[in-house]
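[1] Here you go, sequence then predicted model.
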Amino acid sequence: RHMKWVLFYHSLLSDWNHGNAHFLRGVVRELRRRGDEVLVLEPADGWSRDHLIRSHGVEPLRAIERAMDLAGAWRDYDLDTLDLHRLLEDADVVIAHEWSPPDLIRRLGEYRRDHPSLRLMFHDTHHRAVSEPAEMAAYSLDHYDGVLVFGETLREVYHANGWARRVWVWHEA
């Protein structure tokens, strides 16, 4: 059976000071190649996309979307008007990136609490768990099924701080 994935990331198309976009594009392309439905949501005011547009215009975004066949795989959102119930009603898996606003992380967790068939993961691809632990501790991951981290050190940090019960290393390759 094919699955529906909803991914909240800083940006799918823009890699301006956002190297994780390369990894995310590969994940999206592979899931779509397998026949799964994938939607990446990025904040309407995301700094990576804004900086890229200011520096180079919109053509680099259009070019990567064409080159990677990502048309229809993404859209932006405004946190104030985001309707999670409508957006996630038939989703199987949701992944939220650590650059997502804490309020979104909390709201996704509450949605998961009320919809136990959904699988919800937090994806940490940065070093803030080590360099800014108070900032990361502010995320409410109580109702998340687990955390995906980019390295063993981060997995250990999450366990040592009691931030999550299940943490897996998901290397970018």
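    Here it is on my side, so go on.
[2] What's the local residue count around T153?
    13 (other Cβ atoms under 10 Å). Bear in mind the C-beta positions are built from the backbone N, C-alpha and C, glycine included.
[3] Next one: it from G26, what distance?
    For T153, the distance to G26 equals 23 Å [Cβ to Cβ, to the nearest Å].
[4] so where's the chain uncertain?
    For the chain, the stretches with pLDDT under 70 are 172-173.
[5] how about the strands in it?
    In the chain, the strands defined using DSSP state E lie at 4-8, 37-43, 74-77, 93-97, 119-124, 146-149, 167-169.
[6] Could you provide those in TSV, with additional columns for mean neighbour count and distance to G19?
    Shown next, in TSV, are the strands of the chain (neighbours: other Cβ atoms under 10 Å; distance: least, Cβ to Cβ, whole Å):
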stretch	mean neighbour count	distance to G19
strand 4-8	21	17
strand 37-43	21	15
strand 74-77	15	17
strand 93-97	22	13
strand 119-124	22	14
strand 146-149	21	16
strand 167-169	15	18
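[7] For those strands, please prepare CSV with the additional fields distance to H56.
    Output for the strands of the chain, formatted as CSV (distance: least, Cβ to Cβ, whole Å):
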stretch, distance to H56
strand 4-8, 25
strand 37-43, 18
strand 74-77, 18
strand 93-97, 23
strand 119-124, 27
strand 146-149, 31
strand 167-169, 34
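[8] now for those, which one comes closest to R106?
    In terms of Cβ to Cβ, the element of the strands of the chain nearest to R106 is strand 93-97, at 10.4 Å.
[9] From the chain's centroid, how far away is the closest one?
    In terms of Cα atoms, centre = their mean, to the nearest Å, the centre of strand 93-97 is set 5 Å apart from its chain centre.
[10] One more: stretch 77-86?
    15 Å.
[11] Using PDB, write out the CA atom coordinates for that stretch.
    C-alpha atoms of stretch 77-86 as PDB (Å, rounded to 0.1, in the frame of the first residue of the first chain):
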ATOM      1  CA  TYR A  77       2.200  27.600   5.000                       C
ATOM      2  CA  ASP A  78       1.400  30.400   7.400                       C
ATOM      3  CA  LEU A  79       1.400  29.000  11.000                       C
ATOM      4  CA  ASP A  80      -1.500  31.300  12.000                       C
ATOM      5  CA  THR A  81      -3.900  29.900   9.400                       C
ATOM      6  CA  LEU A  82      -2.600  26.300   9.200                       C
ATOM      7  CA  ASP A  83      -5.400  23.800   9.400                       C
ATOM      8  CA  LEU A  84      -3.700  20.600  10.600                       C
ATOM      9  CA  HIS A  85      -7.000  18.700  10.700                       C
ATOM     10  CA  ARG A  86      -7.600  19.200   7.000                       C
END
